[in-house]
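> coordinates only, sequence not included:
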DNA sequence: CTGTTAGCGCCTTCAT
DNA sequence: ATGAAGGCGCTAACAG
């Protein structure tokens, strides 16, 4: 792996100047067909590839790049967000660089590669490093950072009301234990707290599981065992809720007759299970659109430090059949 | 949007040299705490952000970027691939820039942003443009390009054999009509051709649908109507197969009793439907690992033109309950 | 500890 | 149609 082949090498090989090489490689005018051919042959022979850094440095393109950091690609919720971000970004001519948060080194790697980082709020806002790109947080309400907030709470309040109207009186929850990672032991998630508050004394209990289909099913089973009287269950996310529906189906539990099941996220996959999953749908499209709007504002400020920008996205109940 | 704030502006503002600014911003040594603080204050005040291009140009980092172009993020198969690519890339310290092929402008945008492009073979290999990055194709067998081939055929042969052993005698298929886009009208996919060949005169017919859960279900219904005698159905992909299982469930068709259903892809979601979906599982992990291996080879050749590199990935039957 | 001198590789003037 | 300068913004390598 010797020295990199540069435009000068090509120029020498073809017996022309660097500029002529530029013209040939970039398909510009003011160059004779024969010269172009000769240069391109030299390019082939040497295996020359222009340096994207040098090129972008000098052309000052409006090529903006945004780094999207998501928790995990195992949860389709995040891939859905990524998809939405992708199309929102494409509309505005942004590139999207993806990174999974599990890789701890990523944020720093991203720093030198992107103009803006978009990531989920992980409890403690990663401090914007000096010389690093600005960060836009997803789903938080922290006032000091750029953020697109997600109003899940009102969706939860609404679903509790709606479930009551349909006769539900004993509310249970399948919660995620993911906060364990930062807190050491299980801590009720905000979703559970909102749910408990909305359900009031009709809240009968919760079970905790990992964020997977299988463990969602297991936790649901555990909840049913401990609280057989439960007649409406909110599940932390659709992934786990799918497991719950599956578990109910496998154990002959009538859904929504005996127990109503509601997920959170509104994933398309919810329609594939039996019965199709009712869910508190998060508007991922709006989430992405807003994130990009903020990114655009940042870009217009040349990514300098500006006052925190906030956007809010609401959630809606996606009625299917499980509730 | 005035002139960009550069390191020189900061240097002037702080009354130091550029080099000192570099030291402060990059947290290097050889700088007094007071100077550093003063410089960082100037950075804040001016809203200075280093140019990632200039920085990467001069540091000649081993920061490689790979552009991943997928057909659509609506199909979890592709997001799964993206996820696998992401972790494979993270292991090797590569960045992944994502693009959806639906956006036609993307490939050219990518060219100037990445070192290697990884994309699905779309029938006609996009010719590598002079000065553009090398391309690694996924799922093809074309000999002239770098590629990771996917051996789906052997999986199809194996599943037909296995289904025969379980008593199946009348094979039907739900195929995708996606080739319509390039051919104008429906053309049997390679998957169907392999399947027909394997099934021989036990092949009874096929129905065609769009690549979605809903249309997979519809097409499956159509197949059953036209060929009620069918007792084993191969579906183009898991997405459509999910619809098929769902359709069967909704119409009281016993799966696998009356008809066996097999998908292709091996998505995790297959386990959430009733009955869980048997599928020809593609090893996405190996696919990604191989693609990155090729990318690495390309990197070692400084992305110059080298002989086509090929890898092959096999498929395995993932037995669940639908077959 | 701080500043100076060289480039990194390319494209944009301008000249020829 | 081609070539010669100049500079994009930054950091490495030396100076002091």
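Cool, the structure landed. In this text the structure is predicted, and so the values were computed from the model without any measurement. Numbering: from 1, shown residues only, chains lettered A, B, ... in the order given.
> what stretches of chain A score poorly on pLDDT?
Residue ranges of chain A with pLDDT under 70: A:1-3, A:60-62, A:101-109, A:111, A:122-131.
> and stretch A:233-250, is it in reach of chain B?
Yes - against chain B, stretch A:233-250 shows contacts by C-beta under 8 Å from any C-beta of the partner chain at A:242, A:243, A:245, A:246, A:249, A:250. All C-beta spots, glycine's among them, are computed from the backbone N, C-alpha and C.
> tell me, how many residues neighbour the fourth one?
Close neighbours of residue A:246, defined as other C-beta atoms under 10 Å in any protein chain shown, add up to 22.
> for residue B:320, see how far away it is.
Counting by C-beta to C-beta, to the nearest Å, the gap from residue A:246 to residue B:320 is 12 Å.
> likewise for the first one?
Here residue A:242 is placed at a distance of 15 Å from residue B:320 (C-beta to C-beta).
> parallel or antiparallel, which strands does the helix or strand containing residue A:261 pair with?
Taking DSSP states H and E as the criterion, residue A:261 maps to strand A:260-265. Strand A:260-265 pairs in its sheet with strand A:232-235 (parallel), strand A:278-282 (parallel), by DSSP bridges.
> return the most buried member of these.
Highest mean neighbour count among the strands paired with strand A:260-265 (mean count of other C-beta atoms under 10 Å in any protein chain shown): strand A:232-235, with a mean of 30.
> give the helix, strand or coil label for the closest residue to DNA strand D within the stretch 51-200 of chain A.
Per C-beta to the nearest atom of the strand, residue A:58 is where the stretch 51-200 of chain A lies closest to DNA strand D, at 3.5 Å. Using DSSP: H, G, I helix; E, B strand; the rest coil, the structure places residue A:58 in helix.
> ok, how many other residues are close to it?
Neighbours of residue A:58 under the rule other C-beta under 10 Å: 11.
> separation between it and DNA strand C?
Going from residue A:58 to DNA strand C by C-beta to the nearest atom of the strand, to the nearest Å gives 4 Å.
> ok, residue A:253 touching residue A:223?
No - if you go by C-beta atoms under 8 Å, residue A:253 and residue A:223 don't touch, sitting 11.3 Å apart.
> those two: who's more crowded?
Using other C-beta under 10 Å as the criterion, residue A:253 and residue A:223 rank with residue A:223 on top: 26 against 17.
> for that one, which non-adjacent residue is spatially closest?
Leaving aside its chain neighbours, residue A:223 sits nearest to residue A:207 (3.9 Å; criterion: C-beta to C-beta, 6 or more residues apart in numbering or on different chains).
> and that neighbour, what are its phi and psi?
When read as degrees, to the nearest 10, the backbone of residue A:207 gives phi -120, psi 150.
> chain B versus that one, what's the distance?
19 Å (C-beta to the nearest C-beta, to the nearest Å).
> what bridges to that residue?
Beta-bridge partners recorded for residue A:207 (DSSP bridges): residue A:174.
> ok, it touching residue A:219?
Yes - assessed by C-beta under 8 Å, residue A:207 is found in contact with residue A:219 at 4.3 Å.
> more crowded one of those two?
Taking other C-beta under 10 Å, residue A:207 and residue A:219 do not tie; residue A:219 has more neighbours (27 against 23).
> host element of the more buried one?
Using DSSP H and E, residue A:219 maps to helix A:213-226.
> which of the residues in that helix are buried?
Within helix A:213-226, the residues that count as buried by 16 or more other C-beta atoms under 10 Å in any protein chain shown are A:213, A:214, A:215, A:216, A:217, A:218, A:219, A:220, A:221, A:222, A:223, A:224.
> any idea which of these is closest to DNA strand C?
DNA strand C has its nearest neighbour among the buried residues of helix A:213-226 in residue A:213, at 48.4 Å by C-beta to the nearest atom of the strand.
> what's the closest non-adjacent residue to that closest one?
residue A:243 (4.2 Å).
> do I have it right that that neighbour meets residue A:210?
No - the pair residue A:243 / residue A:210 is not scored as a contact, 10.0 Å apart, by C-beta under 8 Å.
> how about the strands in chain A?
A:64-70, A:94-100, A:116-120, A:135-138, A:146-151, A:171-176, A:203-209, A:232-235, A:260-265, A:278-282, A:310-318 (DSSP state E).
> please identify the most buried of the ones you listed.
strand A:232-235 (a mean of 30).
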